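Participant: Turn this into a structure:
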Amino acid sequence: MTQPTITGHIQSLENKLGTVLLNRNGKVVSLTEAGQILYKHAVNILNTREQALFSLAQYEGKLEGELVIASSTVPQRYLLPDLLAAFNLRYPEVTFTIRQFDSKGVVDAITSGAMDFGFVGTDTSGSDLEVIQLCQGRLLLITPCHGKFQHFKDTALTWDQVANETFMLREGGSGSRTLFLKGLEDKGIDPARLSVVATIENPDTIKQCVMAGLGVAVVSERSVEDEVRLGLLKGFYIDGLDLKQSFYFINHRRRVLSPIARAFRAFTAEYYQAP
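Facilitator: Numbering: from 1, shown residues only. Prediction:
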């Protein structure tokens, strides 16, 4: 809709209700108290409508359509494939489109209304989002298989053993980067003292650069399981740093999910709570 059309609809609604719904102060618009009351009832009406459509679709066995999924890198590559395959078995008429962001990008897309829900690897508590914790993993320090760490047999290192290494980091909105830097700060270590040779968005590029000897990196253990198992990289936990990573399904608590999205949300919660 164009802006004049939206304005006309709102003015018509205000005239019909005999009350002012919006405070208008130049370009700044906010809900009046009457507007807030109507908004709560409107959301309930929409929720009831969507639930009715969902119930009918389930009853007739015709849940179909497209799911557009926002996801950060690690959940997209290592959580979604099995989840989508399982969901497809139950609802074979549903198709999928996956949009990749970093964790901050997923949150921004949902809070702005551009996307309905998504998967992230960072804590989003305290926001306007409903959050379902799905599973946990850990961050791992990866090094080349040659050089200093070639003959290390332990599965863990101390921070003193790696503090002077040259690091590669993910981009600023990455959940794994945020967790790593917070883990340092919680331990009283200034992240600004890291020797950072590169900031890289693509996790595969980071792995290749580590293999080539450009430096070391801290990444999700899920993203390097195969490379460590095959001896292409070495992986170490860092003693004393809290680097446990949780993965979440998130959606805006005030937006109405479509019947398909509502079914997918319920299925995802069930899938990850199953033993």
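Participant: Now do the strands in the chain.
Facilitator: 22-25, 28-31, 65-71, 94-100, 117-120, 129-143, 156-157, 166-169, 195-199, 216-220, 234-238, 244-252 (DSSP state E).
Participant: Make sure residue 222 is actually in contact with residue 74.
Facilitator: Yes: Residue 222 sits in contact with residue 74 when judged by CB atoms under 8 Å, with a separation of 6.0 Å. No exception for glycine: its C-beta is placed from N, CA and C like everyone else's.
Participant: of the two, who's got more company?
Facilitator: Between residue 222 and residue 74, counted using other CB atoms under 10 Å, the more crowded position is residue 74 (24 against 19).
Participant: With adjacent residues omitted, what lies nearest to that one?
Facilitator: Once flanking residues are discounted, residue 74 sits nearest to residue 220: 4.6 Å by CB to CB, 6 or more residues apart in numbering.
Participant: what sits opposite the one you found in the beta ladder?
Facilitator: Bridge pairing for residue 220 (DSSP bridges) gives the partners residue 139.
Participant: begin at 281 from here
Facilitator: Understood, numbering begins at 281; the last thing we discussed is residue 500.
Participant: quick one: it and residue 422 touch, right?
Facilitator: No: if you go by CB under 8 Å, residue 500 and residue 422 don't touch, sitting 10.3 Å apart.
Participant: Convert stretch 544-555 to PDB, retaining C-alpha atoms only.
Facilitator: Listed next in PDB are the C-alpha coordinates belonging to stretch 544-555 (Å, rounded to 0.1, in the frame of the first residue of the first chain):
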ATOM      1  CA  PHE A 544       7.000 -25.600  11.900                       C
ATOM      2  CA  ARG A 545       7.600 -23.800  15.200                       C
ATOM      3  CA  ALA A 546       5.700 -26.600  17.100                       C
ATOM      4  CA  PHE A 547       7.500 -29.300  15.100                       C
ATOM      5  CA  THR A 548      10.900 -27.800  15.700                       C
ATOM      6  CA  ALA A 549      10.300 -27.600  19.500                       C
ATOM      7  CA  GLU A 550       9.100 -31.200  19.500                       C
ATOM      8  CA  TYR A 551      12.000 -32.400  17.300                       C
ATOM      9  CA  TYR A 552      14.700 -31.000  19.600                       C
ATOM     10  CA  GLN A 553      13.000 -32.000  22.900                       C
ATOM     11  CA  ALA A 554      12.700 -35.600  21.700                       C
ATOM     12  CA  PRO A 555      15.200 -38.000  23.400                       C
END
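Participant: mind listing what the residue nearest to residue 354 touches?
Facilitator: By CB atoms under 8 Å, 6 or more residues apart in numbering, residue 500 lies in contact with 354, 358, 401, 417-420, 456, 483, 525.
Participant: Quickly check those for the two that are furthest apart.
Facilitator: Spanning the widest gap among the contacts of residue 500 are 418 and 483, at 15.5 Å by CB to CB.
Participant: okay, the two: which has more neighbours?
Facilitator: Neighbour count, other CB under 10 Å: between residue 418 and residue 483, residue 483 has more, with 19 against 14.
Participant: got a list of contacts for stretch 320-337?
Facilitator: By CB under 8 Å, 6+ apart, the surrounding residues in contact with stretch 320-337 are 343-344, 534, 536-539, 542-543.
Participant: cool, stretch 304-318 as well?
Facilitator: Applying CB under 8 Å, 6+ apart, the contact partners of stretch 304-318 are 297, 299-303, 319.
Participant: Compare these and tell me which has the most neighbours.
Facilitator: Of the contacts of stretch 304-318, with other CB under 10 Å as the count, residue 301 tops at 18 neighbours.
Participant: gap between the residue nearest to it when sequence neighbours are not counted and residue 327?
Facilitator: Nearest non-adjacent residue to residue 301, counting by CB to CB, 6+ apart: residue 315, 3.8 Å away. According to CB to CB, to the nearest Å, residue 315 and residue 327 sit 18 Å apart.
Participant: ok, these two, which is more surrounded?
Facilitator: residue 315 (21 against 13).
Participant: Can you give me the pLDDT of the more buried one?
Facilitator: Per-residue pLDDT puts residue 315 at 90.
Participant: Likewise for the one 10 residues further on?
Facilitator: Residue 325 carries a pLDDT value of 86.
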